[in-house]
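In: Quick one, fold the following:
(one chain, ligands or ions: 1)
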Amino acid sequence: MLPSAPHPNQLDQEKKLAAAAALRWVQDGMVLGLGTGSTAAHFISLLGEAVRNGQLRVQATATSQASEAQARELGIPLLQPRRGLRFDLTIDGADELDPQLRLIKGGGGALLREKVLANASDYLLIIADSTKLVPQLGQFPLPLEVVPFALPWVLDAVAELGGAPVLRPDRRNPQEPARSDQGNLLVDCHFNQIPDPAQVAAQLKTIPGLVEHGLFLGLARAALVVQSEQVMAVRPGIGPVPATSFTQLP
Ligand SMILES: O=C[C@H](O)[C@H](O)[C@H](O)COP(=O)(O)O
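Out: Coordinates of the predicted model:
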């Protein structure tokens, strides 16, 4: 019999645990990148508390309008994009991660801004519940951000690669397509298995009108993943080991 899926409340607890562990590695004065999604939202909420208590002084840029609004409401000082801006640490969630810390991201549609900030960061730290660490990427549909005019040809090209593309509907109004913060369309590709993520990433990069894909390769330095109620640290090809083995960013 297959093990039953964890209860949503349990997953939410795991997300909070991972977020709290990440907060312990934030140092006073850091410039932070803030991720998007339910796990990142827990982190932003805890960071907001620490800022309000005067425990931490930080500045941050968010990877989505939603995360920016949350951070603003909590009084986290925000920096707008500008030349030369770099981040000491970006904390973000993921839809899937493998033991090499290759990621699928973009389930919440924020893949483009997330990749921009990940590239501008000295350290990308992923926080995740127990369902996210997988032996091979691809079960989670790979998100793409696509310029609306190019959509038919992008769908043709991705279908030829075996990606079984599906235009993502808007969650609240399923008759309409979902839009990214940039106003672009989102397409989910059902590869089921991605044994060679670098090859798929390279193929996707050649498709005109495909603005960005959700494969994040060679970007994450570490992940905090909850397993059996314990926060474990994973680095590319190393771990999981108990996160308590580290007093600072591994
Ligand atoms: O576009 C959204 C992001 O890539 C999220 O970080 C990802 O979908 C994980 O979200 P959650 O923490 O809600 O599972």
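
In: Run the chain-centre distance for the lowest-mean-pLDDT helix or strand in the chain.
Out: Across the helices and strands of the chain, the lowest-confidence element by mean pLDDT, DSSP states H and E is strand 238-242, at a mean of 90. How far strand 238-242 lies from its chain's middle: 20 Å, per C-alpha atoms, centre = their mean, to the nearest Å.

In: Output it as PDB, restricted to C-alpha atoms.
Out: This file holds the C-alpha atoms of strand 238-242, laid out as PDB (Å, rounded to 0.1, in the frame of the first residue of the first chain):
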ATOM      1  CA  ILE A 238      25.200  16.100   0.600                       C
ATOM      2  CA  GLY A 239      22.700  15.300   3.200                       C
ATOM      3  CA  PRO A 240      20.000  15.400   4.500                       C
ATOM      4  CA  VAL A 241      21.700  16.000   7.900                       C
ATOM      5  CA  PRO A 242      20.100  17.600  10.900                       C
END
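
In: Quick check: neighbours of it in the sheet, parallel or antiparallel?
Out: strand 230-235 (antiparallel) (DSSP bridges).

In: List the buried residues of the strand it pairs with.
Out: Applying a neighbour-count criterion of 16 or more other C-beta atoms under 10 Å, one finds Val231, Met232, Ala233, Val234, Arg235 buried in strand 230-235. From N, CA and C alone the C-beta is placed, and that goes for glycine too.

In: Please enumerate the strands of this structure.
Out: 31-34, 59-62, 89-92, 96-97, 103-104, 124-128, 142-146, 165-167, 185-189, 210-213, 215-216, 220-227, 230-235, 238-242 (DSSP state E).

In: Can you name the residues in contact with the last one?
Out: Meaning strand 238-242. If you take C-beta atoms under 8 Å, 6 or more residues apart in numbering as the criterion, strand 238-242 is touched by Pro99, Leu133, Val225, Gln227, Gln230, Val231, Met232, Ala233, Val234.

In: ok so, going back, for the ligand, find the nearest of the strands of the chain.
Out: strand 89-92 (5.3 Å; C-beta to the nearest ligand atom).

In: send the alpha carbons of the closest one over as PDB?
Out: Coordinates of the C-alpha atoms in strand 89-92 are reproduced here as PDB (Å, rounded to 0.1, in the frame of the first residue of the first chain):
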ATOM      1  CA  LEU A  89      20.600  35.700   1.100                       C
ATOM      2  CA  THR A  90      17.400  34.800  -0.700                       C
ATOM      3  CA  ILE A  91      14.900  32.500   1.100                       C
ATOM      4  CA  ASP A  92      12.400  30.800  -1.200                       C
END
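
In: Cys189 is in contact with Ala164, correct?
Out: Yes: using C-beta atoms under 8 Å, Ala164 is in contact with Cys189, at 6.6 Å.

In: and the chain, which residues reach the ligand?
Out: 35-40, 92-95, 105-111, 114 (C-beta under 6 Å from any ligand atom).

In: re earlier: ok, the contacts of strand 238-242 vs Met30, which is closest?
Out: Ala233 (18.8 Å; C-beta to C-beta).

In: Could you pull up the residues touching the closest residue to that closest one other than its chain neighbours?
Out: Spatial nearest neighbour of Ala233, excluding adjacent residues (C-beta to C-beta, 6 or more residues apart in numbering): Ala243 at 4.4 Å. Going by C-beta under 8 Å, 6+ apart, Ala243 touches Ala21, Leu224, Val231, Met232, Ala233.
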